[in-house]
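Trainee: from the sequence below, what's the structure:
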Amino acid sequence: MLFIVRKYLGFYFTAKTKYGIHSPFVFDFFNQVYDSNTSYYSFVAIEYVREKLKSNSNRINVEDFGAGSRRFGKGKKRKISKIAATSLQQPKMTALLFRLINYYNLKPVVLELGTSLGITTAYLSNANKNNTVYTIEGSKEIAKVANNVFKQLALKNVKLVIGNFDMVLPRLEFPQPLGFVYIDGNHKKEATLSYFNWALEKANEQTIIVVDDIYWSNDMIQAWDEIKENERVSLTIDLFKLGIVFLHKVQVKEHFKLKKTIF
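Mentor: Coordinates of the predicted model:
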């Protein structure tokens, strides 16, 4: 916890508010995606299901192929309520992912590495129901809970794949380039870079890639630094909780750290 606090303080004092942004593209991103309070009808239904998960006391076996959880380590048996309370992406961030897909019209394929209980997947699904959302989860029992969430929310465009990312990704084939990729599973440098580079091979200039928990550890900070330097990356936006990667052509590569204004 102290590690994250130190990193956040360093981030906060170097990040810019919208008043310090001189890029028209990033200024537009700030207003229309990051700082937007627009809510959609689907958010209410998804958050209702989230609350039900947070009150579910059933225990399930959890297989963890990544760096483990800060709170739970790599233990097997966990309450669904605890997973929902500590491991799910927060509503403001899931809404941001929704707006990314919706505002930039990212299509036709969305890929999520790390389904968890399926709440983030539901946001990705509802952002454009004409998209196909592939989501990969390593833990069978977590995937079972997620699949039930998809049924409750009547999500028709989600394809849930169960298995270790390293085993599943080489077998996945897409007829068209990926529109959006969300990497939130294995918080190790080598794994994160491997998944990012794999996604680049399936991407085009319109693709946006989001990497979660970029300050989770020194390993993840190093991975994010290497991603920023990749020759295909034209713009990155660091929101502390996650990093957003753009591949569209620009004259000069830029990297931004953004924070919301207090007033």
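
Trainee: remind me what the longest strand along the chain packs against, helices and strands.
Mentor: Criterion DSSP state E: the longest strand present in the chain is strand 203-212. On a contact count with 3 or more C-beta pairs under 8 Å, 6 or more residues apart in numbering; DSSP states H and E, strand 203-212 meets helix 91-103, strand 178-183, helix 189-201, helix 218-229, strand 242-246. Bear in mind the C-beta positions are built from the backbone N, C-alpha and C, glycine included.

Trainee: OK, contacts around residue 183?
Mentor: With contact set as C-beta atoms under 8 Å, 6 or more residues apart in numbering, residue 183 has these partners: 113-114, 192, 195-196, 199, 209-212.

Trainee: one step back: looking at the helices and strands packed on strand 203-212, spot the one closest to residue 2.
Mentor: Among the helices and strands packed on strand 203-212, helix 218-229 comes nearest to residue 2, with 13.5 Å by C-beta to C-beta.

Trainee: residues making contact with that closest one?
Mentor: The contact list for helix 218-229 (C-beta under 8 Å, 6+ apart) reads 7, 67, 187-189, 192-193, 196, 211, 213-215, 233, 236, 238, 243, 245, 255.

Trainee: what residues of it count as buried?
Mentor: If you call a residue buried by 16 or more other C-beta atoms under 10 Å, then helix 218-229 has these buried ones: 220, 223-224, 227-228.

Trainee: for stretch 192-211, same thing?
Mentor: For stretch 192-211, by 16+ other C-beta under 10 Å, it's 192-196, 198-200, 202-203, 206-211.

Trainee: return the distance of it from the chain's centre.
Mentor: How far stretch 192-211 lies from its chain's middle: 12 Å, per C-alpha atoms, centre = their mean, to the nearest Å.

Trainee: residues in contact with that stretch?
Mentor: Contacts for stretch 192-211 (C-beta under 8 Å, 6+ apart): 97, 100, 104, 106, 111, 113, 165-166, 169, 174, 177-186, 220, 223-224, 226-227, 230, 232, 242-249.
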